[in-house]
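A.B. asks: Here is a sequence with its predicted model. Questions after.
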Amino acid sequence: MKTLIFLFAMMTGTYFSVNIDNLSLTSTETGILKGKITDKFSGTGISGVDISVFANSKNIASCKSDLQGKFTINNLPKGTYVIMISHTNYKKDERKIVIETDKVSSLNLSLEPIAKEREILKNEDESKISLCETKTVLCDIPNASVAKEKCGKRADYDMAAMSIGGYAEDLYSEQFNTESYDVINENNYKEVLNDPLSTFSIDVDRASYSNVRRFVNQSTLPHKDVVRIEEMINYFDYNYPQPKNGDPFSVNLEMNNCPWNEDHKLVLVGLQGENIKSEKIPANNLVFLIDVSGSMADANKLPLLKNAFKILVDKLRPQDRVAIVVYAGAAGLVLEPTSGNEKAKILEALDRLNAGGSTAGGDGIKLAYKVAKESFIAEGNNRVILATDGDFNIGASSDAEMVSLIEEKRNDGVFLTVLGFGMGNYKDSKMEQISNAGNGNYSYIDNIMEANKIFGKELWGTLYTIAKDVKIQIEFNPNQVKAYRLIGYENRMLNKEDFNNDKKDAGEIGSGHTVTALYEVILANSKEQVNKVDPLEYQTNNVVNSDNLMTVKLRYKKPNEDESILIVKRVSKEDLEVGEGSGNFNFAASVAEFGMLLRDSEHKANASFGQVLALAKQSKGNDENGYRSEFIKLVETASLLSR
């Protein structure tokens, strides 16, 4: 077996050897890996950190960080590597990195120390008040039972949810990453004769897309349960018409060929929320509920969070008011309700926040809702905005406890926005469930541009609800459709009887929001067999002779009302087929196909990255803000990583 040894001059005297037979590379196809390793809490560089490069189960390069925490590895052959980072006093980490020819790849990481005591600034006179006087022990998942013993309190990792270490399926993973995601069991085909009704709650959450983007931009493909296809589709706006006839949203339908399976059709259901002008938005009563626990110290957590809220503060009007509640080992009010024209006072309160201590999320939520209720604006927009990595660990902290707490509070007429930040200990499963339970929406902020999208360009869609408890129920006609499957929305499925039950919670639509759902359908004249089930002996199905393809029903409530309003549309194939797919149809289909590839869906059929790119480029449209162009770049990167 041939082995090529690269020698290079570094302060550490590092060398490495590469197995050319395994990598199938030439010595001229090389790049550079550079980076800096810092302490998560202090931000200072850590010297003596071991950085090891693995390829095909072999350690091909090693070096140590210098006094400033910096390191450089030259002449790495082009390819994908696993980088292991370790230090005796810090929690280990690992990342996948793609090295490209004649390019510098960056790897900057913050490591968590084994133990750390922190304090935060709480009150307005800047005196230091400890919100958690106990020592926080940072514990890894493999030692969860030991963590509970050492911490003297709950080390809640919610093993019912799926905790994945960045690359849990990789041979090198030791599962130091404690991110958690709910397992998604993909929707399968339903035969119309046996299951003609499809019922689900709409979803305007967009967290999954920006979280997927974070993974891909870090040169790794996300685990399949990071990918919620409906949130990826709904990250983008679509060119649907504004509503008429007094409804808060328009209902738009389209059917065309399914791009990844030529024997199937794709049906699009699109809702367009009414665009309310800012001067007609009622006064806002906002409570910023900010996690300032020790886990929020990283640059992509509390510092990014504060910059995100500053974008929102800049948009406040004199009639709006803001209060700030923080929580770590305990919860506290750091800013009384303050008028939107006192921006300097609000910004000063934000700037004083620092991270430290454990995480009493339940206490923070209780206090935030209490403050929101005490300053409630009748006929106004009352909302708590929770910003966190979701890593609650004292008090009410399990998913079930948090959901129950939020469900109790939502009856006060206060809506909820959940904003996720950070990585490594990110608890997506908890935050998605909280937002669903609290008449809320949920986004993940991975960079300042995403913050500007949420609080700048789409502010009133984020903050102002125009319709709540929005449900969809579609009845397919077995005379026209043999089988169907809803793409995504697995966590939003409802029982058929829930549709007419006004006590059943569902999703909310904000001003100007679009909501898109896709069904993959098999027409009645298809010879394809779906589910092989023996015929029933004691009942028969009588099919009505109708040309209608389906009946679409929607229920919604006005924000301050408890009785739902019904919308009904009956549509035929001729109503839906419009020749070639529209720009809305093709772009939504491209995002859905991308999601199926990332999830390695059993229904992906002939899906390919090339086809996703072709559809997305064809339907990019005006793209004023560049979000669709960014999607195309994301697909191109994921395509390279998938190889």
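C.D. replies: Cool, the structure landed.

A.B. asks: how many other residues sit next to N300?
C.D. replies: Neighbours of N300 under the rule other Cβ atoms under 10 Å: 18. C-beta here means a position set from N, CA and C on the backbone, and glycine is covered the same way.

A.B. asks: The one 10 residues further on too?
C.D. replies: Neighbours of K310 under the rule other Cβ under 10 Å: 17.

A.B. asks: so it makes contact with L347?
C.D. replies: Yes - using Cβ atoms under 8 Å, K310 is in contact with L347, at 6.2 Å.

A.B. asks: Grab the nearest non-local neighbour of I565.
C.D. replies: Nearest non-adjacent residue to I565, counting by Cβ to Cβ, 6 or more residues apart in numbering: Y556, 5.9 Å away.

A.B. asks: where are the low-confidence patches of the stretch 301-450 of the chain?
C.D. replies: Scanning the stretch 301-450 of the chain for pLDDT under 70 picks out 358-360, 393-399.

A.B. asks: ranges for the strands of it?
C.D. replies: Shown for the stretch 301-450 of the chain, the strands assigned by DSSP state E, counting those that start in this stretch span residues 321-327, 331-339, 381-388, 415-420, 440-444.

A.B. asks: follow-up on the earlier one: whichever strand or helix holds the residue nearest to I565 packs against which elements?
C.D. replies: Per DSSP states H and E: Y556 is located in strand 548-557. Packing partners of strand 548-557 (3 or more Cβ pairs under 8 Å, 6 or more residues apart in numbering; DSSP states H and E): strand 249-257, strand 265-273, strand 465-476, strand 565-572, helix 573-576.

A.B. asks: partners of the third one in the sheet?
C.D. replies: Sheet pairing here is set by DSSP bridges, and for strand 465-476 it gives strand 197-201 (antiparallel), strand 507-510 (antiparallel), strand 548-557 (antiparallel).

A.B. asks: Same list, those strands, but as a markdown table with mean pLDDT and distance to L67 please.
C.D. replies: Formatted as a markdown table, these follow (pLDDT from 0 to 100; distance: least, Cβ to Cβ, whole Å):
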| stretch | mean pLDDT | distance to L67 |
| --- | --- | --- |
| strand 197-201 | 97 | 55 |
| strand 507-510 | 94 | 50 |
| strand 548-557 | 97 | 61 |
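
A.B. asks: Deepest-packed of those, please.
C.D. replies: Most buried of the strands paired with strand 465-476 by mean neighbour count (mean count of other Cβ atoms under 10 Å) is strand 507-510; its value is a mean of 24.

A.B. asks: low-confidence ranges in the protein?
C.D. replies: Looking at the chain by pLDDT under 70, you get 1-28, 115-176, 358-360, 393-399, 578.

A.B. asks: can you list the domains in it?
C.D. replies: 3-112, 190-276+466-642, 279-441 (automatic domain parsing).

A.B. asks: Deepest in the core, which of the ones you listed is it.
C.D. replies: domain 279-441 (a mean of 21).

A.B. asks: What is the end-to-end distance of it?
C.D. replies: By Cα to Cα, to the nearest Å, the extent of domain 279-441 from end to end equals 23 Å.

A.B. asks: Return the distance of it from the chain's centre.
C.D. replies: Averaging C-alpha positions (Cα atoms, centre = their mean, to the nearest Å) puts domain 279-441 17 Å from its chain's average.

A.B. asks: picking up where we left off before, dump the strands of the stretch 301-450 of the chain to TSV, plus distance to K103.
C.D. replies: Formatted as TSV, the strands of the stretch 301-450 of the chain follow (distance: least, Cβ to Cβ, whole Å):
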stretch	distance to K103
strand 321-327	42
strand 331-339	45
strand 381-388	35
strand 415-420	31
strand 440-444	28
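
A.B. asks: For L353, which of the ones you listed is the nearest?
C.D. replies: strand 321-327 (6.3 Å; Cβ to Cβ).

A.B. asks: Please name the strands paired to the closest one in the sheet, noting orientation.
C.D. replies: strand 284-291 (parallel), strand 331-339 (antiparallel).

A.B. asks: Not counting the shortest one itself, show me its contacts.
C.D. replies: The list of residues contacting strand 284-291 from outside it, by Cβ atoms under 8 Å, 6 or more residues apart in numbering, reads 302, 305, 309, 316-317, 319-328, 337, 340, 353, 359, 361, 364-365, 368-369, 371-372, 375-377, 380-389, 463.
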